[in-house]
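S.K.: Following is a predicted model, sequence given first.
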Amino acid sequence: MPELPEVETVRRGLAGRVLGRPVAGIEVHHPRSVRRQPGGARELADRLAGQQFTAAVRRGKYLWLTLGEGPGAPPDQALVVHLGMSGQLLVQEPAGARRGAEADPPTAFLADGERPADLTATLPPTVVRDIPLTTAHLRVRIDLADGGQLWFVDQRTFGHVMAVDTVPTVDGAPGGLGSDDAVVPAPVAHIARDLLDPALDRADLVRRTRARRTEIKRALLDQTLVSGVGNIYADEALWRARLHGARRTDVLRPERLRGLFDAATDVMHEALAVGGTSFDALYVDVDGAAGFFARSLAVYGRAGRPCPRCGAVVRREEFMNRGSFSCPRCQRRPALPR
């Protein structure tokens with residue numbers, strides 16, 4: 001599932017490409033992609049009719065485009081997108097148009113020892129520009145008045161889009177990165193602020209984390225505590241902080257928790273700088289380009305390889321029906337209580 005750096009990469013792409021462009025129409029190609037919209041495809045089309053995208057905003061793994069009839073209109077509606085496991089938002093420009101100041105072909109994800117390549121040679125047709133609209137995984141197509149299009153592509157159909165009303169934030173601060181408005185879409189109101197949010201109260205986050213009395217990795221993945229961290233960046237942050245994910249939050253000293261959150265912040269900033277983490281073609285940015293941070297991972301997905309810090313063999317353990325990766329020497333598992 002895309003995590004904060006991947007979703008933020010998409011948000012930045014949308015902010016530079018679709019804002020201020022009026023919506024001309026919408027086609028829904030798969031009902032599961034609008035399953036959260038109470039009125040289905042018809043309500044989604046009605047809400048988008050005559051609107052412009054006025055801001056691209058993110059909180060944690062949630063992304064939304066505020067809607068208005070023009071610049072300065074109050075953002076009382078938003079198009080919310082959750083990418084799920086394989087969702088992509090791709091911008092298709094009118095024939096012959098350039099992608100802003102840059103028009104080079106996108107590059108594919110990097111595996112160990114591979115070089116960047118043209119996407120047409122490595123990725124499925126759903127992420128290649130200028131392809132027929134009969135692509136198998138195109139779920140929702142938003143037509144823009146200037147001839148451009150915004151595609152929601154989702155191979156596994158776990159993601160969704162929905163147009164909803166906005167509500168005030170609890171503390172009155174800006175609703176998310178990319179917005180100056182103190183509102184969030186109603187379905188996002190329960191999602192906590194993330195580690196890249198300047199309005200996050202870190203001292204309060206430490207206090208609330210210690211009060212959870214749970215395993216620290218479970219706390220990191222709790223989107224109502226701090227959002228945006230998933231399995232990849234949780235494992236990387238824990239490795240940097242020299243903590244095993246089974247350590248209890250209520251016995252960790254506040255300085256250890258602050259160090260962990262700083263480590264998570266740092267690793268996500270580093271991932272964001274290179275477009276996020278792409279292990280396959282399912283995560284790409286709005287132009288179909290994949291991120292390169294997989295080359296820099298220390299432990300995630302590296303079971304059986306040496307720890308970059310001490311040389312011990314990285315282990316994989318089962319955790320919440322997924323894999324959890326750590327160093328047995330740098331991150332010692334806590335003793336079981338007697």
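M.R.: Cool, the structure landed.

S.K.: Now do His269 against Arg17, distance only.
M.R.: According to Cβ to Cβ, to the nearest Å, His269 stands 23 Å off from Arg17. Where you see a C-beta, it was placed from the backbone N, CA and C, and this is true even at glycine.

S.K.: Compare those two (neighbour count), which wins?
M.R.: Ranked by neighbour count (other Cβ atoms under 10 Å), His269 and Arg17 place Arg17 first, with 19 against 14.

S.K.: The more buried one in helix, strand or coil?
M.R.: Look at Arg17: counting by DSSP: H, G, I helix; E, B strand; the rest coil, its state is coil.

S.K.: give me the number of residues near the residue nearest to it when sequence neighbours are not counted?
M.R.: Distance criterion Cβ to Cβ, 6 or more residues apart in numbering; nearest residue to Arg17, sequence neighbours excluded, is Val91 at 4.7 Å. Residue neighbour count, defined by other Cβ under 10 Å, stands at 21 for Val91.

S.K.: lowest-confidence helix or strand of this structure?
M.R.: For the chain, counting by mean pLDDT, DSSP states H and E, helix 119-122 ranks last in confidence among helices and strands (a mean of 30).

S.K.: ok, which stretches of the protein are helices?
M.R.: 4-15, 40-48, 119-122, 202-212, 216-221, 231-241, 254-273 (DSSP state H).

S.K.: weakest of those helices by average pLDDT?
M.R.: Lowest mean pLDDT within those: helix 119-122, a mean of 30.

S.K.: ok so, going back, report the contact partners of the residue nearest to Arg17.
M.R.: Going by Cβ atoms under 8 Å, 6 or more residues apart in numbering, Val91 touches Gly13, Leu14, Arg17, Val18, Arg99, Gly148, Gln149, Leu150, Trp151, Val286, Asp287.

S.K.: and it, what are its bridge partners?
M.R.: Leu150 (DSSP bridges).

S.K.: Distance-wise, check the nearest residue to Ile232 once chain neighbours are set aside relative to Asp235.
M.R.: Among residues not flanking Ile232 along the chain, Tyr300 sits closest, at 5.0 Å (Cβ to Cβ, 6+ apart). Noted for Tyr300: a distance of 4 Å to Asp235, by Cβ to Cβ.

S.K.: what's the answer for Ile191, then?
M.R.: Where Asp235 is concerned, Ile191 sits at a distance of 22 Å (Cβ to Cβ).

S.K.: Next: Leu19.
M.R.: Distance check for Leu19 against Asp235: by Cβ to Cβ, it reads 35 Å.

S.K.: that older thread, among the contacts of Val91, find me the one that's closest to Thr265.
M.R.: Gly13 (21.9 Å; Cβ to Cβ).

S.K.: Could you find the closest non-adjacent residue to the closest one?
M.R.: Per Cβ to Cβ, 6+ apart, closest to Gly13 is Val286, 3.4 Å.

S.K.: residues contacting the one you found?
M.R.: Going by Cβ under 8 Å, 6+ apart, the list of residues near Val286 reads Val10, Gly13, Leu14, Arg17, Leu89, Leu90, Val91.

S.K.: Could you provide those residues in TSV, with additional columns for distance to Val28?
M.R.: What follows is these, written out as TSV (distance: Cβ to Cβ, whole Å):
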residue	distance to Val28
Val10	20
Gly13	22
Leu14	19
Arg17	22
Leu89	15
Leu90	16
Val91	18
